[in-house]
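S.K.: here is my input, please return the structure:
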Amino acid sequence: MVQQIKTKSSLACLLVLLVPFTSLIGCGPSAETSKKETAAPVTKEELYRQGHALYARLELDSARSLLTRALVLDASYTPALADLAALTYDLAMRAETGKNKMELLRASREYYRKLETLGALESEAYERLCEIADALHDAKTFLKYAKKNADVYPYDRQFSNLAVAYVAVEDYASAIKVCKEAIEKFPSSPFIGAFYRQLGRAYMKVDRDQTAERTFYAGLAVIDKKMAELRKQTASDPASAGYQRLKNDKIGILTSLKYLHTTYKAMDKLAEVERQLKELGK
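M.R.: Numbers count the residues shown, from 1 in each chain. So this is what the prediction gives:
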């Protein structure tokens, strides 16, 4: 009997000791472990959704972090690539001139290039690539993407960029050809002044100053007519982008004419050009 009591007492003690131990090791996962195992993994779509929302709120650094994480999951995920390309460009435009600005521009360029390899570039992206190349003083790349843009989207804005690009690489014959074609093809375009301006510049570069002068005066007549039409339209705002573009091209043409008239000592013409520049605040 005494032996039975001792045995029962020993078993009880053993159970008391085992209970805390078994509660620690358990037979299955703890609640915390189970929660971690069953939680849905973060997806590229969710990272993009959150990053895109932050981008829309102009929280650029936070948006960039989430969008970059989405690309870690899928380097070819075009929605995140497109946002990062535009976002990094925006950061570059906000940055002060210097190393950081150049690095951001190059990063943006790489995102846009990746989009191109995936067949996901639109006209605006080609224009951004042209702007980035110009900011990086890379005339050959500027021309490369200006040509691609004009091939895919053969419209007035694209022709204007292409003309500027040809002048930048000193291919004046091609610039003349593009500008002539554009003047004929887009007579009512808000870029019409730019076509005459670049055409005259190209003629000057190949020592055809008299042809350049005629071109500039033809361009002034077209610009003045276009600006007058815009002023008559009650819905037109003289501060609109189209009106300002024409005004800037007029100033550019007058400045080139001032150079020509000074060079050839055409004093009467020079006085008239200077008068018009003064009226335009120049």
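
S.K.: show me the shaky parts of the stretch 51-200 of the chain.
M.R.: By pLDDT under 70, the stretch 51-200 of the chain contains no weakly predicted segment.

S.K.: so which residues of it form helices?
M.R.: 60-73, 78-94, 99-117, 123-135, 139-152, 156-168, 172-185, 192-205 (DSSP state H, counting those that start in this stretch).

S.K.: tell me the angle the fourth one makes with helix 156-168.
M.R.: For helix 123-135 against helix 156-168, the angle by axes from the mean of the first three to the mean of the last three C-alpha atoms, to 10 degrees is 20 degrees.

S.K.: sorry, back to before: now render the helices of the stretch 51-200 of the chain as JSON lines, adding distance to residue 279 and mean neighbour count.
M.R.: From N, CA and C alone the C-beta is placed, and that goes for glycine too. Listed next are these as JSON lines, based on distance: least, C-beta to C-beta, whole Å; neighbours: other C-beta atoms under 10 Å:
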{"stretch": "helix 60-73", "distance to residue 279": "42", "mean neighbour count": "17"}
{"stretch": "helix 78-94", "distance to residue 279": "32", "mean neighbour count": "20"}
{"stretch": "helix 99-117", "distance to residue 279": "36", "mean neighbour count": "17"}
{"stretch": "helix 123-135", "distance to residue 279": "30", "mean neighbour count": "20"}
{"stretch": "helix 139-152", "distance to residue 279": "33", "mean neighbour count": "19"}
{"stretch": "helix 156-168", "distance to residue 279": "25", "mean neighbour count": "23"}
{"stretch": "helix 172-185", "distance to residue 279": "26", "mean neighbour count": "19"}
{"stretch": "helix 192-205", "distance to residue 279": "16", "mean neighbour count": "25"}
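
S.K.: columns distance to residue 257 on top of these, output as JSON lines?
M.R.: As requested, these are arranged in JSON lines below (distance: least, C-beta to C-beta, whole Å):
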{"stretch": "helix 60-73", "distance to residue 257": "44"}
{"stretch": "helix 78-94", "distance to residue 257": "33"}
{"stretch": "helix 99-117", "distance to residue 257": "35"}
{"stretch": "helix 123-135", "distance to residue 257": "25"}
{"stretch": "helix 139-152", "distance to residue 257": "26"}
{"stretch": "helix 156-168", "distance to residue 257": "18"}
{"stretch": "helix 172-185", "distance to residue 257": "17"}
{"stretch": "helix 192-205", "distance to residue 257": "9"}
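
S.K.: residue 223: which of the ones you listed is closest?
M.R.: helix 192-205 (4.5 Å; C-beta to C-beta).

S.K.: circling back to that earlier point, closest one to residue 268 among the helices of the stretch 51-200 of the chain?
M.R.: Among the helices of the stretch 51-200 of the chain, the nearest to residue 268 by C-beta to C-beta is helix 192-205 (19.9 Å).

S.K.: following the closest one, which helix or strand shows up next?
M.R.: Following helix 192-205 in sequence order, the next helix or strand is helix 209-232 (DSSP states H and E).

S.K.: show me what contacts residue 179?
M.R.: 163, 195, 196, 198, 199, 202 (C-beta atoms under 8 Å, 6 or more residues apart in numbering).

S.K.: let's see it at 6 Å
M.R.: Counting by C-beta atoms under 6 Å, 6 or more residues apart in numbering, residue 179 touches 163, 195, 198, 199.

S.K.: noted, bye for now.
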